[in-house]
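1. need a structure here:
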Amino acid sequence: MKHVLFFMLLCAGIPVHSQTVNEIVNNCMNALEDNDLETLRKEYSTLYLQLVREVEPNYINAVRSVRDPNYKQAFISLHNLISEGYMLDEIREDNNFAGLHVLDEWGDFTGYIDSITAEYNNELRRELNRMQYEDQGVRLLLLNVQKSKGRDDPAILSIRREMKETDAANAVRVQQIIDRFGWLGEREIGSEASQTLFLTIQHVDDLIVQQKYMPVLEQAVKAGNAEAWEFAFLTDRILMNQGKFQVYGTQVILSENSEDSYIVPLQNPEEVDELRRQVGLEPLNDYLQEEGLEWNIEKYRADLPRILERYKNRNSKDN
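-> Modelled structure (predicted):
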């Protein structure tokens, strides 16, 4: 199962491209200081694909195999990468694989890509992929700046403002697409583009829009055009935006001080892991550890009065 929104956290990898994630983040920060929004958007839109290059095992193995050289293994890794839905367009122009272009196997490989995309609405697929790169890129920028400078750095406010504007613009277009074509699945536009529909509705700061498309997403899950975990995330996001208790434990409020971070209150904490399993999510403790937290039901019960007070204050500020 590929959770793109879980893929935003940096993990160990080797720099395998002309610009690393850190270099792109620095370019973004320079653009922010210069108030150069055009450069800022151009730069952060490249962050997601660069993160894939730095942490996706098949990509890393393919690059290493070209350098070894072990061309047979390189093509095996590239086939695995494409089968995951990554870089269907970008791989052809990637300079790391230029040395493969003279081989007969390269023609077979690009033919394999063509066979995957032959049945897609490729115009929509590419448009939605660009939206995903924006959606994930600006969030990667935010995460990196928070990690290096803290949540109170002045740049955070500017990045959040940019993120909100990007989310709103993408949501307008995604609503047009869903209203015209329905909730398109992997068979129509590929896995990444299909997931963009969910990400955009999930991230838009508009409860009315989220509620409108919740039943559309639910039907898409039943039809096999969306993932059950996407339904779980949107369910919890809507409940959180309403100030209610969540179901699946997907929503966490993070603070600069980890002691002030908390999971949004749960409707049924005793059954949360089983509910998560039913929609294809990992156990709650595994998920929370990605955020530097842990799940202990006894500790949760003991902390619940404090959590409820913080949650109530948060919702009062939002309203």
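2. what's the domain layout of the chain?
-> 4-117, 152-241, 252-318 (automatic domain parsing).
3. pick the most buried one from those domains.
-> domain 152-241 (a mean of 18; mean count of other C-beta atoms under 10 Å). The way it works is simple: take the backbone N, C-alpha and C, and place the C-beta from them, glycine included.
4. figure out how far it is from the centre of its chain.
-> 11 Å (C-alpha atoms, centre = their mean, to the nearest Å).
5. what does stretch 61-70 give?
-> Distance of stretch 61-70 from its chain centroid, counting by C-alpha atoms, centre = their mean, is 28 Å.
6. ok, residues contacting that stretch?
-> For stretch 61-70, contacts defined as C-beta atoms under 8 Å, 6 or more residues apart in numbering pick out 14, 16, 71, 73-74, 77-78, 81, 96-97, 99-100.
7. again with stretch 299-307
-> Residues outside stretch 299-307 that contact it (C-beta under 8 Å, 6+ apart): 262-263, 265-266, 269.
8. now, these that are in strands?
-> When DSSP state E is applied, these are split such that 262-263 fall in strands.
9. Trp295: which of the contacts of stretch 299-307 is nearest?
-> Ile263 (7.5 Å; C-beta to C-beta).
10. how close does that closest one sit to Glu127?
-> Look at Ile263 and Glu127: by C-beta to C-beta, to the nearest Å, they are 35 Å apart.
11. just the strands in this protein please.
-> According to DSSP E, the strands that the chain contains are 252-253, 262-263.
12. need the ones you listed in TSV with distance to Cys28 and mean pLDDT, can you?
-> Shown next, in TSV, are those (distance: least, C-beta to C-beta, whole Å; pLDDT from 0 to 100):
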stretch	distance to Cys28	mean pLDDT
strand 252-253	25	94
strand 262-263	30	94
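13. so which of the ones you listed comes closest to Val138?
-> strand 252-253 (19.4 Å).
14. the closest one: how far from the chain's middle?
-> 16 Å.
15. and that strand, what does it pack onto?
-> Contact here means 3 or more C-beta pairs under 8 Å, 6 or more residues apart in numbering; DSSP states H and E; on that basis strand 252-253 packs against strand 262-263, helix 297-318.
16. quick check: Asp108 vs Leu100, distance?
-> Going from Asp108 to Leu100 by C-beta to C-beta gives 11 Å.
17. low-confidence regions, the stretch 151-300 of the chain specifically.
-> Where the stretch 151-300 of the chain drops to pLDDT under 70, the residues are 258.
18. that older thread, kindly reformat the contacts of stretch 61-70 as JSON lines containing distance to Ala223 and pLDDT.
-> Rendered in JSON lines, the data for the contacts of stretch 61-70 read as follows (distance: C-beta to C-beta, whole Å; pLDDT from 0 to 100):
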{"residue": "Ile14", "distance to Ala223": "40", "pLDDT": "36"}
{"residue": "Val16", "distance to Ala223": "38", "pLDDT": "38"}
{"residue": "Tyr71", "distance to Ala223": "41", "pLDDT": "97"}
{"residue": "Gln73", "distance to Ala223": "38", "pLDDT": "97"}
{"residue": "Ala74", "distance to Ala223": "37", "pLDDT": "97"}
{"residue": "Ser77", "distance to Ala223": "33", "pLDDT": "97"}
{"residue": "Leu78", "distance to Ala223": "31", "pLDDT": "97"}
{"residue": "Leu81", "distance to Ala223": "28", "pLDDT": "95"}
{"residue": "Asn96", "distance to Ala223": "38", "pLDDT": "95"}
{"residue": "Phe97", "distance to Ala223": "36", "pLDDT": "97"}
{"residue": "Gly99", "distance to Ala223": "43", "pLDDT": "94"}
{"residue": "Leu100", "distance to Ala223": "38", "pLDDT": "97"}
